[in-house]
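In: one predicted model, sequence on top.
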Amino acid sequence: MDRERARAWLGHLHERELARATLARRLSAVGGLFRWLAAEGHIPLDHFATVRRPTGGARYRRLVVYLSDEEARRLLEVVRSNEGLAPRQRALHRRLADRDFALVTLLLYQGLRIGEAVRLRLGDVDFGEATLRVLGKGDKERLLPRYPQGVWKYAEGGVSFLLVKKRAKSPRRRHAAMGKRTREQAR
């Protein structure tokens, strides 16, 4: 194996349009083998040591994929519509359409992760300050400004709905109604 063959092999990998991480991993594995072979005296020189490796870093990170305004608008229309649903699904959709719209709006416009959005409770909404408290990765808490109207309308409707609703009998339902997490949910 010489330097030209090592470069030819790396060029072959580039032609296959492999991901940068795959290229780096394969080059690292083969480079480690040749480094060991040279150290043990099985080959006279490690030619992979002189091969230029693909660069990484901030310049080569993948760009965030996002929806255009038109795609986001269409997605919200689909969430609101009930076309293509069976009669039984339409009944469920009528009950949950506002919740689904609020959830998708949070994901789209507030940048919440799915797990963060699913863990939200009514107690996380501060109507006085017009903020939303989100518990993120590593239990980091952040406050988001009032932005998506659909979310606030849904949350405000939930508050008035909870005031009229009969008192929940089980602690789990009562905590859920108040926007608190039960011990099981906090784990």
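Out: Arrived safely.
In: when you work out contacts or count neighbours from here on, use the C-alpha atoms and nothing else.
Out: Will do.
In: next, the buried residues of the longest helix anywhere in the chain.
Out: Scanning the chain for the longest helix, with DSSP state H as the assignment, gives helix 20-40. Buried positions in helix 20-40, judged by neighbour count with 16 or more other CA atoms under 10 Å: 23, 27, 31, 34-35.
In: do the same with stretch 127-147
Out: Along stretch 127-147, these residues count as buried under the neighbour rule (16+ other CA under 10 Å): 131-135, 146.
In: and the contacts of that stretch?
Out: 109-110, 116-117, 119-120, 124-126, 152 (CA atoms under 8 Å, 6 or more residues apart in numbering).
In: cool, and stretch 83-93?
Out: N82.
In: need the helices for the protein, in chain order.
Out: Counting by DSSP H, one finds helices in the chain at the ranges 3-15, 20-40, 69-80, 87-105, 114-118, 149-164, 171-178, 183-186.
In: any chance of the ones you listed in TSV, with distance to H47 and mean pLDDT too?
Out: What follows is the helices of the chain, written out as TSV (distance: least, CA to CA, whole Å; pLDDT from 0 to 100):
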stretch	distance to H47	mean pLDDT
helix 3-15	5	83
helix 20-40	8	86
helix 69-80	50	90
helix 87-105	53	85
helix 114-118	47	86
helix 149-164	60	51
helix 171-178	64	49
helix 183-186	55	52
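In: could these go into CSV alongside distance to E141?
Out: Formatted as CSV, the helices of the chain follow (distance: least, CA to CA, whole Å):
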stretch, distance to E141
helix 3-15, 42
helix 20-40, 32
helix 69-80, 27
helix 87-105, 19
helix 114-118, 10
helix 149-164, 19
helix 171-178, 19
helix 183-186, 14
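In: still on that earlier bit, now the buried members of the contacts of stretch 127-147.
Out: Members of the contacts of stretch 127-147 classed as buried by 16+ other CA under 10 Å are 110, 117, 120, 124-125, 152.
In: ok, of the residues you listed, which one's closest to E40?
Out: E40 has its nearest neighbour among the buried ones among the contacts of stretch 127-147 in A117, at 55.2 Å by CA to CA.
In: isn't the closest one right up against L108?
Out: No: because the distance of 10.9 Å does not satisfy CA atoms under 8 Å, A117 is recorded as not touching L108.
In: quick revisit: pick out the lowest-pLDDT one from the contacts of stretch 127-147.
Out: Per-residue confidence over these reaches its minimum at W152, where pLDDT is 62.
In: distance of the closest residue to L23 other than its chain neighbours relative to R25?
Out: Nearest residue to L23 in three dimensions, chain neighbours excluded: L13, at 6.9 Å (CA to CA, 6 or more residues apart in numbering). Counting by CA to CA, to the nearest Å, the gap from L13 to R25 is 12 Å.
In: same check on E141?
Out: 35 Å.
In: and what of D100?
Out: In this view, D100 and R25 are 41 Å apart by CA to CA.
In: for L106, same thing?
Out: Separation of L106 from R25 (CA to CA): 37 Å.
In: return the residues in contact with the residue nearest the centre of the chain.
Out: Centroid-nearest residue in the chain, with CA atoms, centre = their mean: R113, separated by 4.6 Å. The neighbourhood of R113, defined by CA under 8 Å, 6+ apart, consists of L107.
In: alright, that wraps it up for me.
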